[in-house]
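> sequence? don't have it. structure:
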């Protein structure tokens with residue numbers, strides 16, 4: 001499987017030996033189904049003002065080669081953890097969005113010693129949308145009423161680069177993944193973050209997930225939809241920084 005790791009000026013090249021430490025872990029941004037690092041770019045640059053930040057393009061998405069078989073969420077989680085290890089990025093905070101939440105959970109379960117904290121933005125799949133039709137309707141409402149033209153352009157062009165074959169290969173994987181059952185296995189602090197106008201990840205579902213974590217926190221970003229990190233990147237970055245700099249609860 002083949003993916004990409006991207007970084008901005010000021011962040012060490014993966015494998016350089018000058019990356020994150022246990023005291024200052026790197027942020028790893030993980031995109032959702034069909035898209036790429038591009039809709040996380042504004043958040044990447046906000047976080048990079050004071051930290052090392054890496055964004056991923058996962059196999060099958062963003063024009064990367066399509067794997068020869070359907071990949072499970074566990075497959076993607078293992079790929080992320082192994083790719084970060086090979087790249088010399090040994091301690092980190094994973095920040096997943098949408099289906100990237102699922103990938104991040106599995107990466108944390110695969111390599112728990114490397115995980116410092118976990119950020120879950122716009123988590124799927126909300127029980128209100130457990131059918132493909134309902135999930136599609138929620139995404140359409142978000143696209144039509146909640147997102148900016150620039151956000152919609154990035155998402156649509158990324159869908160085109162992904163292509164329908166791989167999107168619909170992975171869609172049933174996303175729909176079947178039991179997020180609420182896998183999350184309690186995470187022992188590090190978890191932030192669940194949603195836009196206050198997000199029709200995809202509702203408030204009840206997001207709050208429930210935060211309570212399912214052993215050390216869970218819930219934050220809403222006002223006046224934003226599902227892709228909150230694009231419309232209000234500074235507010236999202238501030239929420240993430242506040243969470244990651246707060247002391248962890250004692251075991």
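Arrived safely. This is a predicted model, so every value here is computed, not measured. Numbering: from 1, shown residues only.
> Roughly how far does residue 147 sit from residue 141?
For residue 147, the distance to residue 141 equals 10 Å [C-beta to C-beta, to the nearest Å]. C-betas here are computed from N, CA, C, even on glycine.
> Please disregard the earlier target; I meant residue 77.
With C-beta to C-beta as the criterion, residue 77 and residue 141 are 29 Å apart.
> Of those two, give the one with the bigger neighbour count.
residue 77 (23 against 16; other C-beta atoms under 10 Å).
> thinking that one is in contact with residue 106, fair?
Yes. Using C-beta atoms under 8 Å, residue 77 makes contact with residue 106 at a distance of 2.4 Å.
> Show me where the stretch 1-150 of the chain has its strands.
Using DSSP state E, counting those that start in this stretch, the strands of the stretch 1-150 of the chain run over 4-7, 26-30, 53-57, 92-97, 115-121.
> possible to save those as TSV with distance to residue 83, mean neighbour count and mean pLDDT?
Formatted as TSV, these follow (distance: least, C-beta to C-beta, whole Å; neighbours: other C-beta atoms under 10 Å; pLDDT from 0 to 100):
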stretch	distance to residue 83	mean neighbour count	mean pLDDT
strand 4-7	7	18	84
strand 26-30	10	26	96
strand 53-57	8	25	96
strand 92-97	12	28	98
strand 115-121	15	26	96
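> ok, now how distant is the spatially most central residue of the chain from residue 220?
Of all residues in the chain, the one closest to the mean position by C-alpha atoms, centre = their mean is residue 96, 1.3 Å from it. Remark: distance between residue 96 and residue 220 (C-beta to C-beta) = 17 Å.
> ok, now residue 121?
Relative to residue 220, residue 121 is positioned 11 Å away (C-beta to C-beta).
> what is in contact with these two at once?
Shared contacts of residue 121 and residue 220 (C-beta atoms under 8 Å, 6 or more residues apart in numbering): 193-194.
> Name the residues that touch the helix-or-strand element of the chain with minimal mean pLDDT?
Within the chain, confidence by mean pLDDT, DSSP states H and E is lowest for strand 4-7 among all helices and strands, at a mean of 84. For strand 4-7, the external contacting residues (C-beta under 8 Å, 6+ apart) are 13-14, 37, 44, 52-57, 62, 64, 83, 87.
> Which neighbours in the sheet does that strand have, and how are they oriented?
Its sheet considered, strand 4-7 pairs with strand 53-57 (antiparallel) by DSSP bridges.
> Show residues contacting the partner strand.
3-8, 11, 14, 26-31, 36-37, 40-41, 44, 47, 63-64, 80, 83-84, 87, 89.
> between it and strand 26-30, how big is the angle?
Counting by axes from the mean of the first three to the mean of the last three C-alpha atoms, to 10 degrees, strand 53-57 lies at 20 degrees to strand 26-30.
> Distance from strand 53-57 to the middle of the chain?
Mean-position distance between strand 53-57 and its chain equals 10 Å (C-alpha atoms, centre = their mean, to the nearest Å).
> try stretch 201-213
Mean-position distance between stretch 201-213 and its chain equals 16 Å (C-alpha atoms, centre = their mean).
> what do you get for stretch 185-193?
Its chain's C-alpha centre and that of stretch 185-193 lie 13 Å apart, by C-alpha atoms, centre = their mean.
> which residues are contacting it?
Residues from elsewhere that reach stretch 185-193 (C-beta under 8 Å, 6+ apart): 105, 108-109, 112, 115-123, 183, 206-207, 209-210, 213-221, 228, 236, 239-240, 243, 246, 248-249.
> all helices of the stretch 51-200 of the chain, in order?
Shown for the stretch 51-200 of the chain, the helices assigned by DSSP state H, counting those that start in this stretch span residues 73-86, 99-110, 132-141, 149-162, 164-176, 179-182.
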